[in-house]
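A.B. asks: Can you look at this prediction? I've put the sequence above it.
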Amino acid sequence: MIDTARPTARPAPGPSGGGCRRGTVPPAEPLAVAARRRRRAGRRRGALTDMLGILAWVSAAVAVLLWLVSPGSHTVVGIGGWLTDAGIVAGLVATDLVLVMLVLAARVPLIDRTFGQDNAIAVHRSLGKPVLYLLLAHGAFLTLGYGASAGTGPIAETIALFSTPDMPLAYLGLGLFVAVVVSSLVAVRRRLPYEAWHVIHLLSYAAVLVALPHMLSVGSVLAQGTWQRVYWIALYIVALGLIAVYRFALPVVVTFRHRIRVVGVEAIAPGVVSIHLAGRDLDRLGAEGGQYGVWRFWTARTWWHAHPVSFSAVPGRDRARITVRDLGAGSARLGRITPGAFVSLEGPYGLFTSRARTAPYLALVASGIGITPVRSLLEDTDLRPGEATVLLRGTDADQQYLWRETADLAAATGSRLYTMVGRRAHSRESWMTEEDVRRGVSLRSVFPDLLDSDLYVCGPRAWSDLVVREARLAGVPEHQIHHERFES
């Protein structure tokens, strides 16, 4: 039984014992050997991230080199020519990096296996602002360069460009990409519903498509019959083809192959439901504990809304489960879905899994509905007794979603389990309760092996940011911190 009578972090009583998921026996690999192996894996992942970023910029350098060997690059005349060429180079680099971003976000299995999807997405995000700045520089330099060569001002030249074939589409593409980058800024992203953000992000595909005509029709860089034109068209075909296959076609195949349907909706707390799903060969989805899918429930009230939701249990052969909290109008409707509803799935995605581990110990911290990936991660990880420690955080008894199941899993694996119940400290600078702050509770006191642990954190954004900040201040290396965020 979980004792939550006092708002303090403490072990939750439960039967002792070892073991792991499905009665398997943990491997006999010595702890020190496992630690060295995981540290090597962590260093390798960091090196792969750097390598992927370098490759992205090398591809941009290739784009510039291809332009330099073209005849048009050798006819620079006056300040107008220099500005025009600077604009051309900025545009070519930006276009190349946009296509790289699309490939990195396409979830291509080869990239996932070679570099890791977390590394690919990290590089994808890091390129957003540079691409935006390059696109703005592209437009500004070309406008100034054309104006200087023609003896007109920027405003007159902009009006003239709008009358050029395909240039209005180029301006539209720039506007769409600005919207995508702005919507991805943290301050903006956290205020947008997932569906709105997802739709805006899809505009990046439209931005790429509408920008292509002006590349092919304006100027001589990609003139008809040149091999540079063939090269760029091939890049477009590869990037958009990978997106079409892995982000659109494959989810359709997965959906119809597994034929997922709702078989029950279980209320587990006010505003929180577990949706039980049935399907064919669900264990072959390849889902790992801690991962999520993008779910779409095909009913009259929910078909238009996609939901990124974690598995709250590792899928079996014909059963799966997700647990959803009412965080808005879209998720609220899920509690009223009737059994039999058809479900489509994109995924599984995410690296909030044991594959990301690099340290000998495991520290799991969850708050509210953030329990879902933590619970499935604990279920899906082979553990020695004492290897893992779990901390569950809730404001009150109504927020103890799946706590009893998690306690049972902790007992089965010989993991320590702590609970922390109560409202956050008044300072709002702490993720703990007022009493815990007075008693000097910290991550180091709950997790004695914190510096030798992989720390997995999942909960509301502001709360999880505070946990991660304390971990960093305590000296936990960045590669040992893994966090998923659920908006409160």
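C.D. replies: Nice, thanks for sending it over.
A.B. asks: mind checking the longest strand of the chain?
C.D. replies: Secondary structure of the chain per DSSP state E: the longest strand is strand 260-269.
A.B. asks: Could you identify the helix or strand that succeeds it?
C.D. replies: Using DSSP states H and E, the helix or strand that follows strand 260-269 in sequence is strand 272-278.
A.B. asks: That following strand - contacts with which helices or strands?
C.D. replies: strand 260-269, strand 319-325 (3 or more C-beta pairs under 8 Å, 6 or more residues apart in numbering; DSSP states H and E). Any C-beta I mention is one placed from the backbone N, CA and C, and that applies to glycine too.
A.B. asks: and the longest one, which strands flank it?
C.D. replies: Strand pairing for strand 260-269, using DSSP bridges, gives strand 272-278 (antiparallel), strand 342-349 (antiparallel).
A.B. asks: For Trp303, which of the ones you listed is the nearest?
C.D. replies: Nearest to Trp303 among the strands paired with strand 260-269 is strand 342-349 (9.3 Å), distances taken as C-beta to C-beta.
A.B. asks: Return the closest one as PDB; C-alpha atoms alone will do.
C.D. replies: Below are the C-alpha coordinates for strand 342-349, written out as PDB (Å, rounded to 0.1, in the frame of the first residue of the first chain):
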ATOM      1  CA  PHE A 342     -11.100   2.700 -35.100                       C
ATOM      2  CA  VAL A 343      -7.700   4.100 -34.200                       C
ATOM      3  CA  SER A 344      -4.800   5.100 -36.400                       C
ATOM      4  CA  LEU A 345      -1.300   5.300 -35.100                       C
ATOM      5  CA  GLU A 346       1.800   7.200 -36.100                       C
ATOM      6  CA  GLY A 347       4.800   5.800 -34.300                       C
ATOM      7  CA  PRO A 348       6.000   4.600 -31.900                       C
ATOM      8  CA  TYR A 349       8.400   7.400 -31.300                       C
END
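A.B. asks: Let me know the angle separating it from strand 319-325.
C.D. replies: 90 degrees (axes from the mean of the first three to the mean of the last three C-alpha atoms, to 10 degrees).
A.B. asks: Now the element after strand 342-349, going C-ward?
C.D. replies: Heading C-terminal from strand 342-349, the first helix or strand you meet, by DSSP H and E, is strand 361-367.
A.B. asks: quick one: strands adjacent to that next one?
C.D. replies: Sheet partners by DSSP bridges: for strand 361-367, these are strand 388-394 (parallel), strand 453-459 (parallel).
A.B. asks: Just put the ones you listed in CSV and tack on mean pLDDT and distance to Val467.
C.D. replies: Formatted as CSV, the strands paired with strand 361-367 follow (pLDDT from 0 to 100; distance: least, C-beta to C-beta, whole Å):
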stretch, mean pLDDT, distance to Val467
strand 388-394, 95, 9
strand 453-459, 94, 5
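A.B. asks: Which one of those lies nearest to Arg280?
C.D. replies: Shortest distance between Arg280 and the strands paired with strand 361-367, using C-beta to C-beta, is found for strand 453-459: 29.6 Å.
A.B. asks: can you list the strands paired with strand 361-367 in JSON lines and add distance to Leu235?
C.D. replies: Below are the strands paired with strand 361-367 laid out as JSON lines (distance: least, C-beta to C-beta, whole Å):
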{"stretch": "strand 388-394", "distance to Leu235": "46"}
{"stretch": "strand 453-459", "distance to Leu235": "38"}
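A.B. asks: And those strands: which comes nearest Val58?
C.D. replies: It's strand 453-459; of those, that one is closest to Val58 (C-beta to C-beta) at 31.7 Å.
A.B. asks: sorry, back to before: single out the most deeply packed of the helices and strands packed on strand 272-278.
C.D. replies: strand 319-325 (a mean of 22; mean count of other C-beta atoms under 10 Å).
A.B. asks: between the strands paired with strand 260-269, which one is nearest to Ala244?
C.D. replies: From those, taking C-beta to C-beta, the stretch that ends up closest is strand 342-349, at 13.7 Å.
A.B. asks: Go ahead and name everything in contact with that closest one.
C.D. replies: 107, 117, 247, 251-252, 254-255, 258, 260-262, 277, 285-288, 291-298, 306, 311 (C-beta atoms under 8 Å, 6 or more residues apart in numbering).
A.B. asks: Just the buried residues of it, please?
C.D. replies: 343-349 (16 or more other C-beta atoms under 10 Å).
A.B. asks: for stretch 127-143, same thing?
C.D. replies: So, applying 16+ other C-beta under 10 Å, buried residues of stretch 127-143: 127-128, 131-132, 134-135, 137-139, 141-143.
A.B. asks: could those residues be laid out in CSV, adding distance to Glu435?
C.D. replies: Shown next, in CSV, are the buried residues of stretch 127-143 (distance: C-beta to C-beta, whole Å):
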residue, distance to Glu435
Leu127, 45
Gly128, 42
Val131, 48
Leu132, 46
Leu134, 52
Leu135, 52
Ala137, 54
His138, 57
Gly139, 57
Phe141, 60
Leu142, 62
Thr143, 62
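A.B. asks: Just name the closest of the residues you listed to Asp382, please.
C.D. replies: Leu127 (36.7 Å).
A.B. asks: That closest one belongs to a strand?
C.D. replies: No: Leu127 sits outside any strand when classified using DSSP: H, G, I helix; E, B strand; the rest coil, being helix.
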